[in-house]
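Colleague: Sequence and predicted structure below; questions after.
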Amino acid sequence: GESVGLHLPTLSVQEGDNSIINCAYSNSASDYFIWYKQESGKGPQFIIDIRSNMDKRQGQRVTVLLNKTVKHLSLQIAATQPGDSAVYFCAETVDSGGGADGLTFGKGTHLIIQP
Amino acid sequence: NAGVTQTPKFRVLKTGQSMTLLCAQDMNHEYMYWYRQDPGMGLRLIHYSVGEGTTAKGEVPDGYNVSRLKKQNFLLGLESAAPSQTSVYFCASSRQGADSPLHFGNGTRLTVT
């Protein structure tokens, strides 16, 4: 079954506000997590990743938070812009020595930016 | 640097026809993957390769075959297309295994009638 999921299929935010996209995972052994952004008609694009030895990681306008206690992952986008409109996927894997088939994707959250 | 390039971008097949989807990457990545994306299903792994000359089955391999004769290319074949194979197919590559970021192509939209 699906081991990585998202709380909301669609999230609508006002331009300039902060966005928070959530993801729950069920495999407590997962130790590497990634967020991807997929724009219409394009392939997923890597945004940010985090390993299980960290709780927080920041990039440019994005922050990923990992709560291993409740198996929850979130992506925060600061000052949301029209270009942030896309579907966001979380993915997880267990670092099994380079296991290439271990990546599990969630179903995605569609982020809609209101002007 | 083109990254990951997929051809063709669109294709319509009739049931029973065959075709090959081509994926090429110019990043010298060892690992390559084929995924399919269906509405409400997310991305599902079809086959993958950990290096030139190797292939392995993913989550949904039935009805597909792959080959990795050259490090930069990963081919996905459908020998006898079925309507259930209507989907968007994405190729991806990574420097090492699934615990490093995947770089995706822009997909091939396949319709089987």
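Modeller: Done, it's in.

Colleague: Where does the prediction get shaky in chain A?
Modeller: A:1-8, A:95-101 (pLDDT under 70).

Colleague: in the sheet, who's paired with residue B:87?
Modeller: Each beta-bridge partner of residue B:87 is listed here: residue B:110, as defined by DSSP bridges.

Colleague: Show me the strands in chain A, by range?
Modeller: Here chain A has its strands, by DSSP state E, at A:4-6, A:10-14, A:19-25, A:32-38, A:45-51, A:56-58, A:62-67, A:72-77, A:86-93, A:104-105, A:109-114.

Colleague: Just want the angle from the longest one to strand A:72-77.
Modeller: Angular relation of strand A:86-93 and strand A:72-77 on a 0 to 180 degree scale: 140 degrees, by axes from the mean of the first three to the mean of the last three CA atoms, to 10 degrees.

Colleague: What of the fourth one?
Modeller: Per the same axes, to 10 degrees, the angle that strand A:32-38 makes with strand A:72-77 is 40 degrees.

Colleague: Show residues contacting strand A:32-38.
Modeller: For strand A:32-38, contacts defined as CB atoms under 8 Å, 6 or more residues apart in numbering or on different chains pick out A:21, A:25, A:44-52, A:62, A:64, A:66, A:73, A:75, A:84, A:86-95, A:103, A:105, A:108, B:98-99, B:101-102, B:104. Glycine gets a C-beta too; all of them are placed from N, C-alpha and C.

Colleague: The second one too?
Modeller: For strand A:10-14, the surrounding residues in contact (CB under 8 Å, 6+ apart) are A:19, A:21, A:80, A:109-114.

Colleague: May I see those residues organised as CSV, with neighbour count and distance to residue B:18 added?
Modeller: Shown next, in CSV, are the contacts of strand A:10-14 (neighbours: other CB atoms under 10 Å in any protein chain shown; distance: CB to CB, whole Å):
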residue, neighbour count, distance to residue B:18
A:19, 21, 44
A:21, 24, 40
A:80, 20, 45
A:109, 21, 36
A:110, 16, 35
A:111, 21, 38
A:112, 12, 40
A:113, 20, 42
A:114, 11, 46
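
Colleague: quick one: is the helix or strand where residue B:76 lies near chain A?
Modeller: Following DSSP states H and E, one finds residue B:76 within strand B:73-78. No - Strand B:73-78 stays clear of chain A (CB under 8 Å from any CB of the partner chain), getting no nearer than 12.1 Å.

Colleague: and residue 19, what is it in contact with?
Modeller: Let's take chain A. A:11, A:13, A:75-77, A:80, A:84, A:111.

Colleague: nope, chain B
Modeller: B:11, B:13, B:77-78, B:81, B:110.

Colleague: what about it, distance to residue B:41?
Modeller: 22 Å (CB to CB, to the nearest Å).
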